[in-house]
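Participant: here's a sequence, model it:
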Amino acid sequence: MAAFPHDYVRLSWTDSADKPAPIMLRSEMERGVPKQRRIAADALTEVPVTLFFNTAQAAADFETWFYSQGLAWFDFTHPRTGTVVQARIVGGDLGALTPATGTWARSKRQVTVEYLRAVL
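Facilitator: Purely as a prediction, here's the structure:
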């Protein structure tokens, strides 16, 4: 299985978040307390991250990795827990490459990574 290229891509810690999808279905009642029932065993969790590239070559290498291996599931070290999870980039949306400084020598792009989090 492919692995996320952590050796030449840095992740931003400031805008990262863990957002699990709901695993419960809530039904409002005409009267009384709303009912809830579980609809999923695992929570699909999204982690938005900003990827930083210190060189133009690193940005090009990441695009090569993404189009050759990163479109499917890959090993990803979770930025909060440090554990390796099976992840993918949501919708294959690579995001726009933007300059991180006044030149393209350093650049960044925002992506959202998703993985299944076991809740049981």
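Participant: the worst-scoring helix or strand of the chain on mean pLDDT packs against which elements?
Facilitator: Within the chain, confidence by mean pLDDT, DSSP states H and E is lowest for strand 19-20 among all helices and strands, at a mean of 79. Contacts defined by 3 or more Cβ pairs under 8 Å, 6 or more residues apart in numbering; DSSP states H and E place strand 19-20 against strand 42-53. For every residue, glycine as well, the C-beta is placed using N, CA and C.
Participant: which strands or helices does the strand it packs on pack on?
Facilitator: Short answer (3+ Cβ pairs under 8 Å, 6+ apart): strand 42-53 packs on strand 10-11, strand 19-20, helix 56-65, strand 107-118.
Participant: partners of the least confident helix or strand of the chain in the sheet?
Facilitator: strand 42-53 (antiparallel) (DSSP bridges).
Participant: just the C-alphas of the strand it pairs with, formatted as PDB.
Facilitator: Written as PDB, here are the backbone C-alpha positions of strand 42-53 (Å, rounded to 0.1, in the frame of the first residue of the first chain):
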ATOM      1  CA  ASP A  42     -17.500   3.300  12.200                       C
ATOM      2  CA  ALA A  43     -17.300   7.100  11.800                       C
ATOM      3  CA  LEU A  44     -15.900   8.500   8.600                       C
ATOM      4  CA  THR A  45     -13.600  11.200   9.900                       C
ATOM      5  CA  GLU A  46     -12.300  14.200   7.900                       C
ATOM      6  CA  VAL A  47      -9.100  16.000   8.700                       C
ATOM      7  CA  PRO A  48      -8.500  19.200   6.800                       C
ATOM      8  CA  VAL A  49      -4.700  20.000   6.500                       C
ATOM      9  CA  THR A  50      -2.500  22.400   4.700                       C
ATOM     10  CA  LEU A  51       0.500  20.800   2.900                       C
ATOM     11  CA  PHE A  52       3.700  22.800   2.800                       C
ATOM     12  CA  PHE A  53       6.500  22.300   0.200                       C
END
